[in-house]
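Colleague: dropping the sequence and predicted coords here.
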Amino acid sequence: MVELSPIEQLVVKAMQEIGATKEDSLKTADDIAKKANRPKSMVTNTLVTLSQKGVAKRVAREKAAGYYLVKVDA
């Protein structure tokens, strides 16, 4: 199991609540930041960390990158 900081847990929870759990239901950092009620810059940095830990995946798209959860042990 991957250890997550409080902000990482918050972002994962927000992603679960808005349904960013599969590759065909990507959400932008803006969507996740609104749900988590945190600044977009903080959420973006957290998404990068979650991607490095293998918890979330980033998909580059034409406009904004999309994110979804790969695995959640919580």
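Modeller: Received it, and whenever you're ready, just let me know what you need.
Colleague: most distant residue from the middle of this protein?
Modeller: The centre of the chain is farthest from one residue, Glu62, which by C-alpha atoms, centre = their mean lies 18.5 Å away.
Colleague: middle-most residue in the chain, spatially?
Modeller: Geometric middle of the chain (C-alpha atoms, centre = their mean) lands on Leu47, at 4.9 Å.
Colleague: any idea how far it is from Val12?
Modeller: 10 Å (C-beta to C-beta, to the nearest Å). Yep, even glycine has a C-beta here, placed from its N, CA and C like the rest.
Colleague: overlap of the contact sets of the two?
Modeller: Ala56 (C-beta atoms under 8 Å, 6 or more residues apart in numbering).
Colleague: buried residues of the helix or strand containing the residue nearest to the centre of the chain, list them for me.
Modeller: In this assignment (DSSP states H and E), Leu47 forms part of helix 40-52. With burial defined by 16 or more other C-beta atoms under 10 Å, the residues of helix 40-52 counted as buried are 43-44, 46-47, 49-50.
Colleague: residues in contact with that helix?
Modeller: Outside helix 40-52, the residues that reach it (C-beta under 8 Å, 6+ apart) are 4, 7-8, 11-12, 29-30, 32-33, 36, 56-58, 67.
Colleague: chain center to it, what's the gap?
Modeller: Averaged C-alpha coordinates place helix 40-52 at 7 Å from its chain's average position (C-alpha atoms, centre = their mean, to the nearest Å).
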